[in-house]
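Enquirer: after the sequence you'll find the predicted model.
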Amino acid sequence: MNELVLMLIALGTLTLTGIMGGMILIALMPGLLPAAAIVPVHAATQLVSIRMVCRFIIFFL
């Protein structure tokens, strides 16, 4: 039971940092990339992030 609580806390923290990281990324990218590249680069970054979250969940289950 303690492991489940720990996993939920870890996933909650991971989710919050992922959301903040995505917002920071989308805020900084217009100054670094051409406008046509912002959405595809952000989408690729989020897909990699989701894959890492899935690996994290599978590792602890």
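Expert: Looks like it arrived, so ask away.
Enquirer: okay, Gly18: pLDDT?
Expert: Gly18 is assigned 68 on the pLDDT scale.
Enquirer: may I see the buried residues of the helix or strand hosting Pro30?
Expert: If you go by DSSP states H and E, Pro30 is part of helix 2-32. If you call a residue buried by 16 or more other C-beta atoms under 10 Å, then helix 2-32 has these buried ones: 25, 29. To be clear about C-beta, it is placed using only N, CA and C from the backbone, and glycine gets the same treatment.
Enquirer: tell me which strands and helices that helix is in contact with?
Expert: Secondary-structure packing of helix 2-32 (3 or more C-beta pairs under 8 Å, 6 or more residues apart in numbering; DSSP states H and E): helix 35-60.
Enquirer: packing partners of the helix it packs on?
Expert: Using 3+ C-beta pairs under 8 Å, 6+ apart, the elements in contact with helix 35-60 are helix 2-32.
Enquirer: and the angle for the helix it packs on with helix 35-60?
Expert: Helix 2-32 and helix 35-60 are oriented at 170 degrees to each other (axes from the mean of the first three to the mean of the last three C-alpha atoms, to 10 degrees).
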